[in-house]
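Q: Predicted model and sequence follow; I will ask about them next.
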Amino acid sequence: MTSPTRIVVVGGVAAGMSAASQARRRRPEAAVTVLERGSSISYGACGMPYNIEDPQRDLDDLIVLTPEKARDERGLDLRLRHLVTAVDLDRGEVVAVDEDGGTEVRIPFDGLVLATGARAVRPPGIDGLDLAGVHFLRDLEDGRHLKQDLDDRVRRAVVVGGGYIGMEMAHVLTSRGLGVTVVEREPEILPGWGPEAVAEVRSELTAHEVEVMAGSALQYLKGDADGRVATVVTDAGSIEADLVVIAVGIRPEVSLAKAAGLRLGESGAIWVDQQQQTSHPAVWAAGDCAEAFHRILRKPAWIPLGTTANKQGRIAGANVVGGRSRFAGIVGTAGFMVFDLEVARSGLGVAAAAEAGFEPISTTIRQRSRAHGYPGGTPVQVTLVADRHTGLLLGAEIVGKDGAALRINPVATALASHLTVADLQQLDMVYAPPFASVWDPLLVAANQLSKKVERTG
Ligand SMILES: Cc1cc2nc3c(=O)[nH]c(=O)nc-3n(C[C@H](O)[C@H](O)[C@H](O)COP(=O)(O)OP(=O)(O)OC[C@H]3O[C@@H](n4cnc5c(N)ncnc54)[C@H](O)[C@@H]3O)c2cc1C
């Protein structure tokens with residue numbers, strides 16, 4: 001079999017550009033074509049909320065690689081504003097529409113990487129989503145529109161969706177001087193997070209005068225005479241708003257994969273093996289459009305994050321040119337900031353652990369971030385989850401200030417290594433008064449939780 005030489009990548013952000021760059025690096029003679037329907041590539045969407053917070057910063061600061069550099073320095077055949085409309089697996093071609101020229105092009109491939117990402121959910125059956133002042137936040141253009149819209153006339157905002165992007169935006173819009181209400185359909189914000197972490201986030205929101213309407217479903221949006229949003233109507237009442245951010249989740253962008261007959265996983269994202277290969281031998285997939293192997297659940301999961309997109313993209317890029325790289329998988333590490341509070345998690349919460357067949361035990365402790373007597377310490381809250389019978393560590397949530405979120409990284413390492421609570425108790429973690437107590441908060445939590453482990457066998 002000859003090695004593939006014509007590589008096509010669909011999607012030019014985290015996964016797509018990682019794949020394309022890696023393919024060229026591994027095989028400089030390969031012709032790598034990247035088709036991106038938008039006008040920007042390789043930007044850090046994760047930085048958008050923080051960028052929007054600062055009116056002085058240019059949104060383009062988030063662009064890591066310009067199209068010119070991608071072409072000149074990485075040797076990629078980058079085609080912007082090219083919407084791929086079909087993948088013809090029998091002929092080994094993708095069909096794309098050049099949205100500027102209005103022409104259709106067919107591009108043959110030996111190896112194809114789908115890095116089509118995800119799209120923001122438009123809540124179904126809701127009138128008013130197209131009014132001026134209503135924003136989604138997914139790509140750089142969304143960020144640009146939202147930032148441009150934040151002028152002096154805008155005083156009140158509603159954020160629909162109390163997930164992590166909703167929290168970040170509640171913070172950002174408050175910092176920009178707006179009065180903010182968060183509307184969440186579920187009984188509590190941050191669905192899937194433990195009640196202890198949620199309570200901390202709630203108090204932080206209250207301290208900054210963000211109103212939360214949990215258990216309230218969006219019904220419709222009403223506009224003013226100029227066609228700009230004016231009122232958000234929920235089943236629990238109406239809220240005046242001149243800016244609305246809809247952050248009710250995302251779905252994997254799998255339309256091309258589905259139409260081409262590629263296998264989708266249980267989550268609805270593209271099924272891939274640990275080499276990022278799809279159910280078709282000439283097609284790889286990476287990033288938010290694809291599943292990833294979950295190292296605790298030991299099965300595929302869909303947890304769309306930039307960290308995973310970059311790693312999977314790099315692996316897909318290596319393998320599409322004949323490599324045999326393997327993605328070890330994820331443990332579900334994620335974090336965000338809301339005002340001064342850092343919030344991070346890794347692994348499974350109690351409910352998810354029970355659903356996965358474990359018998360979870362948990363503990364929550366609060367401990368100062370710095371040694372007793374050292375100035376500037378703040379409380380760090382740690383919730384640890386483990387299996388009652390084996391003591392296997394299953395997850396953690398950490399909330400606090402002063403670098404608290406980074407304390408999740410040893411947990412991520414422990415989870416990936418399948419450590420037990422007893423192993424965690426013995427970890428040789430750094431101690432010096434400016435950044436920890438002699439008993440780090442994680443060790444204190446492990447000591448606490450070890451008392452609940454009932455070893456059997
Ligand atoms: C506001 C916000 C904050 C975030 N914060 C974090 C964070 O703190 N940490 C973290 O890890 N992750 C975060 N994320 C998630 C992270 O940005 C994504 O996981 C990452 O962008 C996924 O990269 P991707 O390349 O898989 O997909 P995408 O970024 O979605 O890129 C896919 C690209 O494919 C293109 N495309 C799709 N279909 C076609 C087609 N048919 N033809 C041509 N082009 C196509 C799209 O235009 C898009 O540009 C955040 C995301 C957002 C929106």
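A: Thanks, I have it. All values reported here derive from a predicted model rather than from experimental measurement.
Q: what are the ranges of the helices in the stretch 251-400 of the chain?
A: 255-259, 306-320, 350-355 (DSSP state H, counting those that start in this stretch).
Q: From the rest of the structure, what touches the last one?
A: Around helix 350-355, the neighbours that count as contacts under C-beta atoms under 8 Å, 6 or more residues apart in numbering are 192, 194, 360, 362, 385, 387, 394, 395. C-beta here means a position set from N, CA and C on the backbone, and glycine is covered the same way.
Q: To the ligand, which of the helices of the stretch 251-400 of the chain lies closest?
A: helix 306-320 (3.5 Å; C-beta to the nearest ligand atom).
Q: now for the closest one, which elements pack on it?
A: For helix 306-320, the helices and strands in contact under the criterion 3 or more C-beta pairs under 8 Å, 6 or more residues apart in numbering; DSSP states H and E are helix 14-26, strand 111-114, strand 283-285.
Q: Next, format those as JSON lines and append mean pLDDT, mean neighbour count and distance to residue 224.
A: Shown next, in JSON lines, are the helices and strands packed on helix 306-320 (pLDDT from 0 to 100; neighbours: other C-beta atoms under 10 Å; distance: least, C-beta to C-beta, whole Å):
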{"stretch": "helix 14-26", "mean pLDDT": "97", "mean neighbour count": "26", "distance to residue 224": "38"}
{"stretch": "strand 111-114", "mean pLDDT": "98", "mean neighbour count": "30", "distance to residue 224": "42"}
{"stretch": "strand 283-285", "mean pLDDT": "98", "mean neighbour count": "30", "distance to residue 224": "44"}
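Q: Residue 395 and residue 345, how far apart?
A: Here residue 395 is placed at a distance of 7 Å from residue 345 (C-beta to C-beta, to the nearest Å).
Q: Touching stretch 46-57 from outside, list them.
A: By C-beta under 8 Å, 6+ apart, stretch 46-57 touches 59, 61-62, 137, 140, 142-143, 146-147, 150, 165, 168-169, 171-172, 175-176, 306.
Q: quick one: average pLDDT of it?
A: Averaged over stretch 46-57, pLDDT sits at 96.
Q: swap in stretch 301-311?
A: 98.
Q: how long is that stretch end to end?
A: 16 Å (C-alpha to C-alpha, to the nearest Å).
Q: One more: stretch 410-429?
A: End residues of stretch 410-429 are separated by 9 Å (C-alpha to C-alpha).
Q: Could you find the residue in the stretch 51-200 of the chain that comes nearest to the ligand?
A: residue 117 (2.0 Å).
Q: So that residue is in contact with residue 12, correct?
A: No - at 9.8 Å, residue 117 does not count as touching residue 12 under the criterion of C-beta atoms under 8 Å.
Q: Run through who's touching stretch 338-345.
A: 164, 167-168, 170-171, 174, 193, 197, 200-201, 204-205, 207-208, 332-337, 395-401, 403-408.
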